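**Student:** give me a model of this one.
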Amino acid sequence: MELLIDNVGKRYGRQHWAVKRLNLRLKPGVVGLLGPNGAGKSSLMRILATISRPTEGRVLWNGEDTARKPDRLRKTLGYLPQDFGVYPNLNAVEFLSYIAALKGITGRSAHRRIEGLLELVNLTEACRRPVGSYSGGMKQRVGIAQALLNDPELLIVDEPTVGLDPEERIRFRNLLSDLAGERIVLFSTHIVSDIEAAATEIAVMQKGELLSYASPEAMLRGMENKVWEVVIPDRDLQEVRQRWRISGSIRRTDGLQLRVVAERQPVPEAKPIPPALEDAYLYLISSQAEEANA
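**Tutor:** This is a model prediction of the structure:
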C-alpha cells in the first residue's frame, strides 16, 4: 500500500502557487501534515482526495494515477474535510445510513458497520439525538465515523481538532492512533501537540513547499544543542524577541524563563536543554522565512 506524491504543484489564477513541486511517499501509519494557516495543506489534501486536480505532477495510488483513474482510490478513501457539514435534523444513525447509501453500502452490512462505528467513536448513547444538538467534538466524531464507513485504506482528515476543547482533542488524537494499523492516515493541523501525540512521520509545509519529512525522533535529533534556557528581566523581553527565536516562556519571581532556539549559545548564562517538537517546528518555519527574506 503506497501513496506517491510526485512533483505535485497547484496554481490558482496565473501566479499563486498554493503547492510547489511537492514530493512525498506515504506508507501505512499516521502521517502528520504540519504547517501554519496558508501553508497549502488543505490544497494538497483536496488533490489527494481527488476533489481537485494538480496543475503539475501526479499522485499515484498503488502505482495508478489518481487523476486518470480516480475511482480506484475513491473506493478505498475516507475523507474528513476541514468544514464538515451535517444535516442537523437527522440523528447519527440516519445521517450515517444516508452517507452509507451514497457509498453503495446498504442493508445489514450498513447497519452492522454503523453500529460498530458508533461504538468506536463513543456515540452509541447519543445516536438517536439530532446531530444539530451535538457539541463540536461530537460532530467531529460523526465525521470520522462517516469517513470510516467503507473501511478505507487511505484516511485523510483536515484540521480535525480546530474548535475542540482539550478533552475532545485528546480523545480525537487517541482515536486516530488506534485507526492506523494497516492503513495510511494523513492528519493535517497547525497544532504541534496534536501531531506529537499521534504521528509516526511528520511532513512540515510552509508557503506551499515541503520543508521536512521525518519521524518525530529524527526531528528531535536534528535539534540537539539548538535549544537553550535562559532567564531575563521582564523589561528586556521586547528587545530579546527581535534577536532570538523564542518557543516558550514562563514567568518567575526573578524574571522570565525563556526557551530559545538558536544554532549557538545566545548568551553565556544560557543552558542547553532537551528539544521538543515545538522547537523543531519553529526552527524549520523561521529558518525558511529568514532565507526567503535574505
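
**Student:** how near is the closest residue to A145 other than its chain neighbours to S177?
**Tutor:** Closest residue to A145 apart from its sequence neighbours, by CB to CB, 6 or more residues apart in numbering: L117 at 4.3 Å. C-beta coordinates here come from the backbone N, C-alpha and C atoms, glycine included. Computed as CB to CB, to the nearest Å, the L117 to S177 distance reads 17 Å.

**Student:** hmm, back to that, got the phi/psi numbers for the residue nearest to A145?
**Tutor:** phi -70, psi -40 (degrees, to the nearest 10).

**Student:** isn't it right next to D151, touching?
**Tutor:** No: using CB atoms under 8 Å as the test, L117 is too far from D151 to be in contact (9.7 Å).

**Student:** the more surrounded of the two?
**Tutor:** L117 (23 against 12; other CB atoms under 10 Å).

**Student:** could you check how far the more buried one is from S52?
**Tutor:** Counting by CB to CB - L117 and S52 are separated by 27 Å.

**Student:** then A198?
**Tutor:** 25 Å.

**Student:** now E119
**Tutor:** For E119, the distance to S52 - CB to CB - is 34 Å.

**Student:** compare the two (neighbour count), which wins?
**Tutor:** Comparing E119 with S52 by neighbour count (other CB under 10 Å), the higher total belongs to S52, at 18 against 12.

**Student:** got the contact list for the more buried one?
**Tutor:** K10, S43, R46 (CB atoms under 8 Å, 6 or more residues apart in numbering).

**Student:** quick one: low-confidence parts of this structure?
**Tutor:** 289, 291-294 (pLDDT under 70).

**Student:** which residues does L117 contact?
**Tutor:** L96, A145, L148, L149.

**Student:** so the third one makes contact with L176?
**Tutor:** In other words, L148. No: taking contacts as CB under 8 Å, L148 lies outside contact range of L176: 11.0 Å.

**Student:** count the neighbours of the residue lying closest to L96 once chain neighbours are set aside for me.
**Tutor:** Once flanking residues are discounted, L96 sits nearest to I114: 4.7 Å by CB to CB, 6+ apart. Residue crowding around I114 was assessed by other CB under 10 Å; the count is 23.

**Student:** roughly how far does I114 sit from K103?
**Tutor:** In terms of CB to CB, I114 sits 12 Å off from K103.

**Student:** what sits in contact with each of the two?
**Tutor:** By CB under 8 Å, 6+ apart, the residues touching both I114 and K103 are L149.

**Student:** show me this protein divided up by domain.
**Tutor:** Recorded structural domains for the chain (assignment: automatic domain parsing) are 3-220, 222-293.

**Student:** what's the most buried one of those?
**Tutor:** domain 3-220 (a mean of 18; mean count of other CB atoms under 10 Å).

**Student:** how far does it stretch from start to finish?
**Tutor:** 26 Å (CA to CA, to the nearest Å).

**Student:** which residues in this protein form helices?
**Tutor:** 41-48, 70-74, 92-102, 107-120, 136-147, 166-179, 192-198, 216-221, 237-243, 277-293 (DSSP state H).

**Student:** now do the contacts for A203.
**Tutor:** A203 neighbours (CB under 8 Å, 6+ apart): L24, V31, G32, L33, L34, L210, S212, Y213.

**Student:** if V31 is in a bridge, with which residues?
**Tutor:** L186, E201 (DSSP bridges).

**Student:** do the same with L26
**Tutor:** L3.

**Student:** surely it meets I184?
**Tutor:** Yes: the pair L26 / I184 is scored as a contact, 5.3 Å apart, by CB under 8 Å.
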